[in-house]
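**Student:** next input, structure requested:
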Amino acid sequence: MLNENAPMALYHQLREVVLSKIESNEWPVNSQIPTERELCEAFGVSRITVRKALSELEREGYLYRKQGRGTFVTSPKIEQRLSRFYSFSEEIRKMGYTPSSKILDLTTMKADKKIAAHLQIEIGAEVYNLERIRLANEEPFAIENSFIPYAVCPGLSAEEIASNGLYGTMKLNYGLTANQAVETFEAVSIRADEAVHLTVAENAPGLLLERVTYSNLIIVEYCRSIIRGDRYKYRIVLK
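**Tutor:** Coordinates of the predicted model:
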């Protein structure tokens, strides 16, 4: 039972109890938790208290609801630490997940004003547009468009990228080692066309990540990624 005389609010006490059951794996990933009524009876609290506790945990990404079915435990978020240069695939593998990518398209196009500015090339210069879905344990977490100057990687192919990754292909075939990047982040709502690939609802919360990648002083990529807000988080290390 919860303690009504404790300085901590009842809903917060209940949140801590539910969270401990999730973190101890007593309630494993994708399992259904007790109903609101069952939690009310088990802990002797009102439905308002239960709803507030569960809403906080849902907002924090520990729980998700299925319409008409109940509330379930979410998979842990993938955490990316921003203290040095990284590639998605390498970092996801270090976290114990199996990374993979699905190439949707690789085409050439003329750089518009924005792309040209990021890549520091002339407007109208030829660039590759690589569109990929990034996955962890076969679950999509990001959709990204990478724009690569054609002059930097002439003859780039989808087959090579599928086999060696983008940065691996740059290193093996062009002698370019991606070793520095500038990134910006902002909160966005995921569009309908993006939601289809990310298997989330339209207007679900997401992160827009824009990245300019360098090989020493050469700009090799401008990347625009839409990342699922419920499956990914960033930690910044300040020194």
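**Student:** give me the below-cutoff pLDDT ranges for this structure.
**Tutor:** The model of the chain has pLDDT under 70 over residues 1, 3, 5-7, 76-86, 239.
**Student:** so the nearest residue to Glu160 once chain neighbours are set aside: helix, strand or coil?
**Tutor:** In space, and not counting its chain neighbours, Glu160 is closest to Thr169: 4.6 Å by Cβ to Cβ, 6 or more residues apart in numbering. All C-beta atoms are positioned from the backbone trio N, CA, C, and that covers glycine. Under DSSP: H, G, I helix; E, B strand; the rest coil, Thr169 falls in the helix class.
**Student:** got a list of what Thr169 touches?
**Tutor:** Applying Cβ atoms under 8 Å, 6 or more residues apart in numbering to Thr169 gives the contacts 153, 156, 160-161, 163.
**Student:** most surrounded residue in those?
**Tutor:** With neighbours defined as other Cβ atoms under 10 Å, the most crowded of the contacts of Thr169 is Ile161; it has 22 neighbours.
**Student:** confirm that that one sits in a helix.
**Tutor:** Yes - assigned with three-state DSSP, Ile161 falls within a helix.
**Student:** how near is it to Tyr167?
**Tutor:** Going from Ile161 to Tyr167 by Cβ to Cβ, to the nearest Å gives 10 Å.
**Student:** for those two, list the residues in contact with both.
**Tutor:** Counting by Cβ under 8 Å, 6+ apart, nothing touches both Ile161 and Tyr167.
**Student:** follow-up on the earlier one: if I look at the residue nearest to Glu160, how far off is Ala181?
**Tutor:** Distance of Thr169 to Ala181, computed by Cβ to Cβ: 17 Å.
**Student:** show me how the protein divides into domains.
**Tutor:** Domain ranges of the chain: 10-73, 78-236, per automatic domain parsing.
**Student:** can you put those in JSON lines and add distance to Leu2?
**Tutor:** Output for the domains of the chain, formatted as JSON lines (distance: least, Cβ to Cβ, whole Å):
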{"stretch": "domain 10-73", "distance to Leu2": "5"}
{"stretch": "domain 78-236", "distance to Leu2": "28"}
